[in-house]
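> I need the structure of the sequence given here:
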Amino acid sequence: MVGAHSQGRGPAANAGGPGAPAFAPGPNGLAHLELILSGAYPLPGFMTREQAESVAGRGRLPDGRPWPVPVTLEVPEEVAGNARLTLTDLEGAPLAELAVRERWESTGEDGATLHHLAGDVSLLGPPAYGVLRELRSTPAEVRAQRGLEPSSGRPLLAVVTDRPLHHRALHQIRAEADALGRGGERAGVLVVVDAGLHDEGLATAVLAAEPLLPPRSGFVVVTLPRSASRAAGALGGTWSERDAALAAHVAAAYGATHMLLEAGGRAPETERVMALKPPLTVLDPEPWRYDADADLWKPRTRVDPRAVRAEPTDEEVAAELAHGRELPSWFTPARVGAELARLRPARTRRGLTLLFTGLSGSGKSTIARGVSDGVRRSGRTVSLLDGDVVRRVLSKGLTFSRADRELNIRRIGFVAAEITRHGGVAVCAPIAPYAAGRAEVRAMVEEFGDFFLVHVATPLEECEARDRKGLYAQARAGEIPEFTGVSDPYEEPTDADLVVDTVGADPAESVALVLDALRGGGWLPDSDQHVSEDR
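Numbering: from 1, shown residues only. Got it, this is the predicted structure:
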């Protein structure tokens, strides 16, 4: 089975002219396309089934050339029958025309049939979409600027990273550049920043370290496709050996002779990467450690183990920033810490969406109102989007069919994301019965701020016993079709940040649990004393 990439938005009329409908690929498809068009990939287009399966199985193209990952284009079924396709960015601007050579299918992890198109692409217009576009130079441009045509023979160290460069990384980079140098001159350094096309992530924090790198170091921004392991987790997942090998191919296209992958402890073993035959040397440098006795960073072998101060983990850094605390100067340069604080302000200043989900009668609306009052008393701006109120106003006219329920939660998510984007707190209390709908709201919100899911896990029998509105009785009598918990499913969350069971509990106790969780997570000031009032 060949792994799938995210599906795009579907056809868009007219952008490609008669006979060539337009299609905006998903994130990975668009990342592959830009790397093909820039010359970072030595490929003319998207792979056939034979090529993709050969790469997935052997790490080689059918002709024997090493290549680590399938470069495929997934399309909706309604697009798969076209002989030509105009590929656009997410704003609809044409990027390339695909001359379809093969249509093929694979099976996704969920068993669904995935449709792919293979063929060569030809440039229609230079990419303009994407953050930090001025730093997205092509390999040819970078090689020309640095005098690094293949015949130059000059060493160039590529530092591939999707994370800030703290003191440890900066020491390792300088040491490796010195070791690779010739005639007393350091090797050149090119920092290859992996940043999403839509979200720059921590790219500006990487750029903040520029004055601390060796002189004449350069930066280039690319978007590398995300494997499932790399996409896992808000703090960044683990790089597989194939991810690292792909980064090595891209770095080599920019003229690099050596690569250092800065992945914060999430890098694969170098031997496994080199086994995939990348076109440059992947370094496995001696780790550096902080010597607390000497107040210096040193190679690990030169530090007494008893004097080692552990570098904060990503989770610990995130927690410090969430609570508005300054990162220690021994760990990161002041300018990097300041940029991280700007990008990740204290949670008391971040927008937040609090989504309560549960069966009708579970108590979620009562808890949501109490939590809204507590958040408001803490000094934060809060907007309450109760399920019934939303139904009467924002979603008036919608039925309770699955399609309309999904549209209802999507509308709530849009409004909540806007509130979050402007630094407010959105408290939402719909039933939100489907996991896919809740995941869509989470994705919409986390583009701009934080998301906190509360499952009010009151059992069905308790909700039905309460039945203050008589809805369950009507549903049992067949008077209300598609009623959640009776004739329509409720998909219990597996990703809830907090689970609350209201059986035998006073509503104030449930409110206090939620407010305590928000305070512990840093979204409410530590000094707030209103929980005791709610108790």
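
> Pull out the buried positions in stretch 221-228.
For stretch 221-228, a neighbour-count test (16 or more other CB atoms under 10 Å) marks V221, V222, T223, L224, P225, R226, S227 as buried. Using the backbone N, CA and C atoms, a C-beta is placed for each residue, glycine as well.

> Among those, which one sits closest to D495?
Relative to D495, the closest of the buried residues of stretch 221-228 is R226; by CB to CB it sits at 19.1 Å.

> SS state for the residue lying closest to that closest one once chain neighbours are set aside?
Using CB to CB, 6 or more residues apart in numbering and skipping the chain neighbours, the partner closest in space to R226 is N28 (6.4 Å). What DSSP: H, G, I helix; E, B strand; the rest coil gives for N28 is helix.

> N28 contacts T223, correct?
No. Contact between N28 and T223 fails when scored by CB atoms under 8 Å: they sit 9.3 Å apart.

> re earlier: quick one: the residue nearest to R226 from T161, how far?
Remark: distance between N28 and T161 (CB to CB, to the nearest Å) = 19 Å.

> got it, and P94?
P94 is 32 Å from T161, by CB to CB.

> and if you look at D293?
From D293 to T161 the distance is 29 Å (CB to CB).

> Those two: which is more packed in?
T161 (24 against 11; other CB atoms under 10 Å).

> Please name the nearest non-neighbouring residue to the more buried one.
That would be E262: by CB to CB, 6+ apart, it lies 4.0 Å from T161.

> Where does the prediction get shaky in the protein?
1-19, 147-153, 232-236, 387-389, 391, 393, 395, 397, 399, 527-535 (pLDDT under 70).

> Any buried residues in stretch 241-253, and which?
Result for stretch 241-253 [16+ other CB under 10 Å]: buried residues 241-253.

> Show me which of these is closest to G358.
Once CB to CB is applied, the member of the buried residues of stretch 241-253 that ends up nearest G358 is D243, at 38.8 Å.

> and stretch 353-364, how far apart are its ends?
15 Å (CA to CA, to the nearest Å).

> what about E492, how many neighbours?
Residues near E492, counting by other CB under 10 Å: 14.

> so how far is A140 from it?
For E492, the distance to A140 - CB to CB - is 53 Å.

> thinking P489 is in contact with L460, fair?
No. Using CB under 8 Å, P489 makes no contact with L460, being 11.4 Å away.

> And those two? Which one has more around it.
L460 (16 against 11).

> Now the more buried one: closest residue in space, sequence neighbours ignored.
G485 is the one closest to L460 (CB to CB, 6+ apart), at 5.0 Å.

> And for E311?
Using CB to CB, 6+ apart, the nearest residue to E311 is R168, at 6.0 Å.

> likewise E326?
That would be G337: by CB to CB, 6+ apart, it lies 6.6 Å from E326.

> And the next helix or strand past the strand or helix carrying the one you found?
G337 belongs to helix 334-343 when elements are defined using DSSP states H and E. Using DSSP H and E, the helix or strand that directly follows helix 334-343 along the chain is strand 352-357.

> Quick one: residues in contact with that next one.
Here strand 352-357 makes contact (CB atoms under 8 Å, 6 or more residues apart in numbering) with 364-365, 367-368, 371, 416-417, 419-420, 425-433, 438, 441-442, 445, 449-456, 493, 496, 514, 518, 523.

> Could I get the full set of helices for the stretch 1-150 of the chain?
Here the stretch 1-150 of the chain has its helices, by DSSP state H, counting those that start in this stretch, at 27-38, 49-58, 139-146.

> May I see these arranged in TSV, with distance to R302 and mean neighbour count as well?
Output for those, formatted as TSV (distance: least, CB to CB, whole Å; neighbours: other CB atoms under 10 Å):
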stretch	distance to R302	mean neighbour count
helix 27-38	40	23
helix 49-58	42	17
helix 139-146	33	16
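
> got TSV for the ones you listed, with distance to N82 too?
Shown next, in TSV, are those (distance: least, CB to CB, whole Å):
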stretch	distance to N82
helix 27-38	15
helix 49-58	18
helix 139-146	30
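
> closest to L398 out of those helices?
Nearest of those (CB to CB): helix 27-38, 29.9 Å.

> From the chain's centroid, how far away is that closest one?
Offset of helix 27-38 from its chain centre (CA atoms, centre = their mean, to the nearest Å): 17 Å.

> ok and that helix relative to helix 139-146, angle-wise?
50 degrees (axes from the mean of the first three to the mean of the last three CA atoms, to 10 degrees).

> Which strands or helices does helix 27-38 pack on?
strand 45-46, strand 73-75, strand 94-107, strand 113-123 (3 or more CB pairs under 8 Å, 6 or more residues apart in numbering; DSSP states H and E).

> could you redo the last one with a cut-off of 7 Å?
strand 94-107, strand 113-123 (3 or more CB pairs under 7 Å, 6 or more residues apart in numbering; DSSP states H and E).

> any chance of those in TSV, with distance to R350 too?
What follows is the helices and strands packed on helix 27-38, written out as TSV (distance: least, CB to CB, whole Å):
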stretch	distance to R350
strand 94-107	34
strand 113-123	36
